[in-house]
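Q: build me a structure from this.
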Amino acid sequence: MRTVRVLVLVLALALLGGCGAATTHTASSGGGPSATLPALRTKLAALSSDECVTQPGAQAYPNCGRFVREVQNVVPAARAESGSVASPDALTRAADAVDAAVNRLAQDSCVGNGGAPAGGPDACGPDLTALQASFADLVTAVG
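A: Numbers count the residues shown, from 1 in each chain. Model prediction:
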């Protein structure tokens, strides 16, 4: 039975960490407990310990391309769980703020595609700091 639980968790995390998924603004119509909410919480907890969350934005941003993509990819899963959390409105606001911060990072060339980002610390530091804050709000909203 433990092996089955571990497999389910691993599969759920793999789905949450998908590559290149575009964010959507679709919420589930549920209202009851979700089978994937624990996996989402596990993924968010893992991302919360990343240096891109724990270090100052201006210092960390050059190495945060993977983190930004991971956060961007987890937003649709969080939105899908809005019917299963205590405050769906807070989750939606946080997800919108994460999307906006990710967009600013991209617009300011703060996320490198396999190399160093072109953007500088004057724009990218505050952009990553905004993502850190909105991500923390998302974590809180998911619970």
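Q: how about low-confidence regions in this structure?
A: 1-35, 114-115 (pLDDT under 70).
Q: hmm, try it at 90
A: 1-37, 82-84, 111-118 (pLDDT under 90).
Q: check which residues of the longest helix along it are buried.
A: In the chain, with assignment by DSSP state H, the single longest helix is helix 121-142. For helix 121-142, burial by neighbour count (16 or more other Cβ atoms under 10 Å) applies to 123-132, 134-135, 137-139, 141-142. (Each C-beta comes from the backbone N, C-alpha and C, glycine too.)
Q: ok, which stretches of the chain are helices?
A: 2-16, 37-48, 51-54, 57-60, 65-80, 88-107, 121-142.
Q: okay, the angle between the last one and helix 65-80?
A: It refers to helix 121-142. Orientation note: helix 121-142 sits at an angle of 30 degrees relative to helix 65-80 (axes from the mean of the first three to the mean of the last three Cα atoms, to 10 degrees).
Q: picking up where we left off before, which neighbouring elements make contact with the longest helix of the chain?
A: Judged by 3 or more Cβ pairs under 8 Å, 6 or more residues apart in numbering; DSSP states H and E, helix 121-142 is in contact with helix 37-48, helix 51-54, helix 57-60, helix 65-80, helix 88-107.
Q: can you tell me the centre-most residue of this protein?
A: residue 71 (2.5 Å; Cα atoms, centre = their mean).
Q: pretty sure residue 41 contacts residue 138?
A: No: contact criterion Cβ atoms under 8 Å: residue 41 and residue 138 do not qualify, at 11.2 Å.
Q: still on that earlier bit, turn the helices and strands packed on helix 121-142 into JSON lines, including distance to residue 117.
A: Listed next are the helices and strands packed on helix 121-142 as JSON lines, based on distance: least, Cβ to Cβ, whole Å:
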{"stretch": "helix 37-48", "distance to residue 117": "19"}
{"stretch": "helix 51-54", "distance to residue 117": "12"}
{"stretch": "helix 57-60", "distance to residue 117": "11"}
{"stretch": "helix 65-80", "distance to residue 117": "7"}
{"stretch": "helix 88-107", "distance to residue 117": "9"}
